[in-house]
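Student: Everything below, folded, please.
(one chain, ligands or ions: 2)
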Amino acid sequence: MKVEGFELRRVAMPLVSPFRTSFGTQTARDILLVRAVTDAAEGWGECVTLPDPVYSPEYTDGAVDVMKRFFIPALAAAGIADATSIGEVLKPFKAHRMAKAALETAVLDAELRAEGRSFARELGSVHDSVPCGVSVGIMESVPQLLDAVGGYLDEGYARIKLKIEPGWDIQVVRAVRERFGDVLLQVDANTAYTLGDARHLAKLDPFDLLLIEQPLEEEDVLGHAELAKVVKTPICLDESITSAQTAAAAIRLGATSVINIKPGRVGGYLEARRIHDLATAHGIPVWCGGMIESGLGRAANLALASLPGFTLPGDVSASGRFYETDITEPFVMRDGRLDVPTGPGLGVTPVAAILDELTTAVEWVPV
Ligand code: OSB
Ligand code: MG
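Tutor: Residues are numbered from 1 along each chain as shown. Ligands and ions are numbered 1, 2, ... in the order given. Here you go, the predicted structure:
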């Protein structure tokens with residue numbers, strides 16, 4: 001397979017409601033899509049960067065720059081024929097994993113479409129459908145949050161994740177437990193606490209949460225190991241896990257007893273599978289994180305979430321959780337589950353008319 005070039009496309013997608021976290025409020029997504037054009041087929045990759053470097057060091061304009069300035073020229077020079085060589089070719093360039101992931105996913109999708117094989121089949125899927133969790137942002141008031149959570153439970157979501165930060169934590173979890181009983185419940189702090197908050201975070205213990213996600217800063221893996229000695233709620237790392245290597249170290253240190261795997265954060269679906277394999281070998285459950293993806297990223301996440309070690313519901317929600325209009329046929333939940341796509345590659349393609357209408361910029365970068 002010969003890669004002829006990459007189309008970099010920006011798509012503006014308004015959110016159905018603002019999504020507030022400890023690192024800011026998103027009201028719309030400005031999504032960077034990569035389309036790999038090859039002599040055999042085309043493939044799509046969604047870059048999961050946010051516009052600002054507030055969740056990870058990457059940001060969308062930076063991803064475009066690093067792809068054009070370094071990654072695509074390196075791939076052109078190497079003459080890559082398939083997706084598995086991309087990681088090695090881009091290895092001399094440090095980090096920028098979300099940008100690398102988007103290029104690798106686009107080429108992998110093209111390759112699989114050409115061969116008529118699905119992402120699910122390629123990655124090692126063992127389920128036809130997966131249970132859906134939903135990530136619920138910080139809100140103006142507890143009654144407003146309870147309304148939102150009630151709505152998601154009515155829709156059938158199998159697990160609720162509450163975003164927390166200092167001042168929006170213990171009382172919020174208590175209110176949700178009092179109102180909704182023993183639903184599957186977890187929290188995500190996106191690095192909003194310090195080890196000095198250990199006693200405070202231990203006040204979450206009586207609420208029988210599945211886990212607390214990334215309470216401390218990204219580089220404080222040791223701090224999470226210390227925190228795990230004080231807090232009974234299982235600690236789950238998100239931001240800190242950037243590769244199979246960091247995952248192995250975090251597991252060894254006792255810093256994480258569950259792992260959130262986000263393919264973009266770790267450099268792609270192939271590295272995500274390696275982390276799944278490693279965690280499973282250590283008896284560590286994993287679940288698939290989300291980055292407010294369009295239907296393209298969601299399709300690939302569903303394939304990953306259907307691997308055997310993904311034993312907890314992920315942040316894989318229906319299209320309607322974030323978007324009134326998705327760029328693919330919408331993913332619609334049935335009995336709290338989504339079907340894993342089975343068609344070639346991602347199994348979905350953008351709807352041309354919708355994609356065109358939402359596109360704000362397109363650039364062609366030849367290889
Ligand atoms: O920390 O899991 C996170 C969205 C953007 C950036 C970081 C995170 C999130 C979410 C998942 O919480 C939202 C989703 O895609 O369902
Ligand atoms: Mg998180």
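Student: residues contacting the closest residue to ligand 2 within the chain?
Tutor: When distances are taken as Cβ to the ion, the chain reaches nearest to ligand 2 at Asp238, 3.6 Å away. To be clear about C-beta, it is placed using only N, CA and C from the backbone, and glycine gets the same treatment. Taking Cβ atoms under 8 Å, 6 or more residues apart in numbering, we find Asp238 in contact with Asp188, Asn190, Glu213, Gln214, Asn260, Lys262, Arg265, Gly289.
Student: Would you reformat these as TSV and include neighbour count, distance to Pro366 and secondary structure?
Tutor: Putting the contacts of Asp238 into TSV (neighbours: other Cβ atoms under 10 Å; distance: Cβ to Cβ, whole Å; DSSP: H, G, I helix; E, B strand; the rest coil) gives the following:
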residue	neighbour count	distance to Pro366	secondary structure
Asp188	25	41	strand
Asn190	21	38	coil
Glu213	28	41	strand
Gln214	25	39	coil
Asn260	26	37	strand
Lys262	28	30	coil
Arg265	25	29	helix
Gly289	28	33	coil
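Student: From these, list the ones also adjacent to ligand 1.
Tutor: With Cβ under 6 Å from any ligand atom as the criterion, the members of the contacts of Asp238 in contact with ligand 1 are Asp188, Asn190, Gly289.
Student: wait, isn't the first one in contact with Glu165?
Tutor: No - look at Asp188 against Glu165 with Cβ atoms under 8 Å: they stay out of range, at 9.8 Å.
Student: can you list residues touching both of those two?
Tutor: Thr21.
Student: With adjacent residues omitted, what lies nearest to the most centrally placed residue in the chain?
Tutor: Central residue of the chain (Cα atoms, centre = their mean): Gly290, 2.9 Å from the mean position. Distance criterion Cβ to Cβ, 6 or more residues apart in numbering; nearest residue to Gly290, sequence neighbours excluded, is Asp315 at 3.5 Å.
Student: The one you found against Ser135, yeah?
Tutor: Yes - taking Cβ under 8 Å as the definition, Asp315 is a contact partner of Ser135 at 4.9 Å.
Student: Common neighbours of these two, please.
Tutor: Listed as contacting both Asp315 and Ser135 by Cβ under 8 Å, 6+ apart are Lys161, Gly290.
Student: burial of the residue nearest to Gly290, as a residue count?
Tutor: Neighbour count of Asp315, defined by other Cβ atoms under 10 Å: 25.
Student: list the contacts for it?
Tutor: With Cβ under 8 Å, 6+ apart as the criterion, the residues that contact Asp315 are Gly133, Val134, Ser135, Lys161, Trp287, Cys288, Gly289, Gly290.
Student: Output the longest strand anywhere in the chain as PDB - backbone C-alpha positions only.
Tutor: The strand spanning the most residues in the chain, taking DSSP state E as the definition, is strand 3-21. Once side chains and other backbone atoms are set aside, the C-alpha atoms of strand 3-21 remain, and they are given as PDB (Å, rounded to 0.1, in the frame of the first residue of the first chain):
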ATOM      1  CA  VAL A   3       0.300   6.500   1.100                       C
ATOM      2  CA  GLU A   4      -0.200   9.400  -1.300                       C
ATOM      3  CA  GLY A   5      -0.900  12.100   1.200                       C
ATOM      4  CA  PHE A   6      -2.900  13.300   4.200                       C
ATOM      5  CA  GLU A   7      -5.900  15.600   4.200                       C
ATOM      6  CA  LEU A   8      -6.100  17.700   7.500                       C
ATOM      7  CA  ARG A   9      -9.600  18.900   8.000                       C
ATOM      8  CA  ARG A  10     -11.100  21.000  10.800                       C
ATOM      9  CA  VAL A  11     -14.700  20.400  11.800                       C
ATOM     10  CA  ALA A  12     -16.800  22.600  14.100                       C
ATOM     11  CA  MET A  13     -19.200  20.600  16.200                       C
ATOM     12  CA  PRO A  14     -21.400  22.400  18.800                       C
ATOM     13  CA  LEU A  15     -22.000  20.400  22.000                       C
ATOM     14  CA  VAL A  16     -25.600  19.800  23.200                       C
ATOM     15  CA  SER A  17     -24.700  21.300  26.500                       C
ATOM     16  CA  PRO A  18     -21.500  22.900  28.000                       C
ATOM     17  CA  PHE A  19     -19.100  20.300  29.500                       C
ATOM     18  CA  ARG A  20     -17.300  21.700  32.500                       C
ATOM     19  CA  THR A  21     -14.200  20.000  34.100                       C
END
